[in-house]
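Visitor: Sharing a sequence plus its predicted fold:
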Amino acid sequence: MPKASGGGRKIRPEKDVTAKACSFCKEKDTQIDYKETSLLRRFLSDRGRIRSRRVTGNCVQHQRDVAVAVKNSREVALLPFTSTAR
């Protein structure tokens, strides 16, 4: 049986890709501290994992600072290591 014609590659319309600006670079007065759990919870998933840079829009340095702060906060038991819901 012959192949159906027109089964080639689909052409997608190009999207305008704009990088998210880092929220910490925008607001210079915001500091990343392990004691600010309300700020750090924005960067955690519902399962308790640290969200990636692509999702949060942080720059490299601030993403590292957030990761260190979350890890320190977990050690001091301010944030859970995992979520309790399963």
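Guide: Yes, it's here. It should be emphasised that the depicted structure is a prediction, and the values quoted were computed from it without experimental measurement. Numbering: from 1, shown residues only.
Visitor: give me the low-pLDDT residue ranges for the chain?
Guide: 1-7, 17, 19, 84-86 (pLDDT under 70).
Visitor: ranges for the helices of it?
Guide: 23-26, 37-40, 53-56, 60-75 (DSSP state H).
Visitor: Turn those helices into TSV, including distance to I11.
Guide: Where C-beta positions appear, they are placed from N, C-alpha and C, glycine not excepted. As requested, those are arranged in TSV below (distance: least, CB to CB, whole Å):
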stretch	distance to I11
helix 23-26	35
helix 37-40	43
helix 53-56	25
helix 60-75	34
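Visitor: how about CSV for those helices, with mean neighbour count and distance to R9 added?
Guide: Formatted as CSV, the helices of the chain follow (neighbours: other CB atoms under 10 Å; distance: least, CB to CB, whole Å):
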stretch, mean neighbour count, distance to R9
helix 23-26, 14, 38
helix 37-40, 15, 44
helix 53-56, 13, 26
helix 60-75, 16, 34
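Visitor: Out of the ones you listed, flag the one nearest K15.
Guide: Closest approach to K15 among the helices of the chain is made by helix 53-56 (15.0 Å; CB to CB).
Visitor: If you count contacts, what does the closest one end up packed against?
Guide: Helices and strands touching helix 53-56, as assessed by 3 or more CB pairs under 8 Å, 6 or more residues apart in numbering; DSSP states H and E, comprise helix 60-75.
Visitor: What helices and strands are in contact with the helix it packs on?
Guide: Packed next to helix 60-75, using 3+ CB pairs under 8 Å, 6+ apart, are helix 23-26, helix 37-40, helix 53-56.
Visitor: Good, we can wrap up now.
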